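Enquirer: Return a 3D structure for these sequence lines:
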Amino acid sequence: MGLITRSKETAPCTVTISHRFEELSAHVKFNNGAVVYPGDSVLVHGAEIMAPYGQIVEEERTATITRASKLEQLWTRMTGDFEFMELCEFSFSEEVLS
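Expert: Numbers count the residues shown, from 1 in each chain. Just a heads-up that it's a prediction; the model follows:
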């Protein structure tokens, strides 16, 4: 991985999909201990996984991790806080909405 070049690696992974009243989530765990850093992207290969309501489904898959260049990592670290704050836009009001 260079200053402006990206690299790719393949990793086995476990995909867990939860479709329950208490939780609606999807998680990917790399079985080889790979770690995703800021700016990296992950593509999980295979068909779409559909979990029926009330169940948790786990499948073994292969993922391709595209590692960000050093420049992209730096940019992501510098601007990441601003993007996070966009998610936190909220206001408080004493007025009751009707």
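Enquirer: which residues of the protein fall in strands?
Expert: 7-19, 24-30, 41-44, 55-67 (DSSP state E).
Enquirer: Please identify the buried residues of the shortest one?
Expert: Buried positions in strand 41-44, judged by neighbour count with 16 or more other CB atoms under 10 Å: none. (C-beta placed from N, C-alpha, C; glycine too.)
Enquirer: Dump the strands of the chain to a markdown table, plus distance to Leu74 and mean pLDDT.
Expert: What follows is the strands of the chain, written out as a markdown table (distance: least, CB to CB, whole Å; pLDDT from 0 to 100):
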| stretch | distance to Leu74 | mean pLDDT |
| --- | --- | --- |
| strand 7-19 | 16 | 95 |
| strand 24-30 | 24 | 94 |
| strand 41-44 | 16 | 95 |
| strand 55-67 | 14 | 96 |
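Enquirer: Ok, which of those comes nearest Arg77?
Expert: Proximity of the strands of the chain to Arg77 was assessed by CB to CB; the nearest stretch is strand 55-67, lying at 14.6 Å.
Enquirer: circling back: Asp81: which of the strands of the chain is closest?
Expert: Distances from Asp81 to each of the strands of the chain were compared by CB to CB, and the smallest falls on strand 41-44, at 19.7 Å.
Enquirer: any chance of the strands of the chain in a markdown table, with distance to Trp75 too?
Expert: Output for the strands of the chain, formatted as a markdown table (distance: least, CB to CB, whole Å):
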| stretch | distance to Trp75 |
| --- | --- |
| strand 7-19 | 17 |
| strand 24-30 | 24 |
| strand 41-44 | 14 |
| strand 55-67 | 14 |
